[in-house]
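# Pasting the sequence and the predicted model now:
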Amino acid sequence: MTGPVLKLACIDAEAPPLFSRSPDGVTRHGYEPDAAALVAEVLGRPLQWVFVPWAEFVPSLRSHEVDAVWCGQGITESRLRQVDF
């Protein structure tokens, strides 16, 4: 992979089959991580998970700590006013 690292925010929790807790603090397993890995591969970018508390998703986006949130969030009116889906 040659592009810049794709940094994705998520919580480090159990929510199978969407995702499982990271056994090493780095890797992820489940449907959402598999889909994210495919997107990163198509973009030609290595993937890095950034584990943050749920309440820190939007602040981590605004501070450019992460490129996106990839963590089972529903689309709500409140979230639509803060971020793009």
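All right, it came through fine. Numbers count the residues shown, from 1 in each chain.
# mind pulling up the phi and psi values for residue 48?
Torsion angles at residue 48 (phi, psi; degrees, to the nearest 10) stand at phi -130, psi 130.
# Near it, how many other residues are there?
Look at residue 48: counted by other Cβ atoms under 10 Å, it has 13 neighbours. (C-beta placed from N, C-alpha, C; glycine too.)
# Please apply the same query to residue 20.
Neighbour count for residue 20, taken as other Cβ under 10 Å: 16.
# Repeat that for residue 49.
For residue 49, using other Cβ under 10 Å, the count is 22.
# again with residue 57
Residues within reach of residue 57, counting by other Cβ under 10 Å, total 21.
# do residue 50 as well
So residue 50, with other Cβ under 10 Å, has 14 neighbours.
# residue ranges for the helices of this protein, please.
31-43, 57-62, 77-80 (DSSP state H).
# Could I have the CA atoms of the last one written out in PDB?
The one in question is helix 77-80. In PDB, the C-alpha atoms belonging to helix 77-80 read as follows (Å, rounded to 0.1, in the frame of the first residue of the first chain):
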ATOM      1  CA  GLU A  77     -30.600  14.200  13.100                       C
ATOM      2  CA  SER A  78     -28.100  15.300  15.700                       C
ATOM      3  CA  ARG A  79     -25.200  13.500  14.100                       C
ATOM      4  CA  LEU A  80     -26.200  14.700  10.700                       C
END
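# model confidence over it, on average?
For helix 77-80, the per-residue pLDDT values average out at 83.
# what does it rub up against?
With contact meaning Cβ atoms under 8 Å, 6 or more residues apart in numbering, helix 77-80 is reached by 73, 85.
# Give the closest residue to residue 7 in space, chain neighbours not counted.
Using Cβ to Cβ, 6 or more residues apart in numbering and skipping the chain neighbours, the partner closest in space to residue 7 is residue 66 (4.5 Å).
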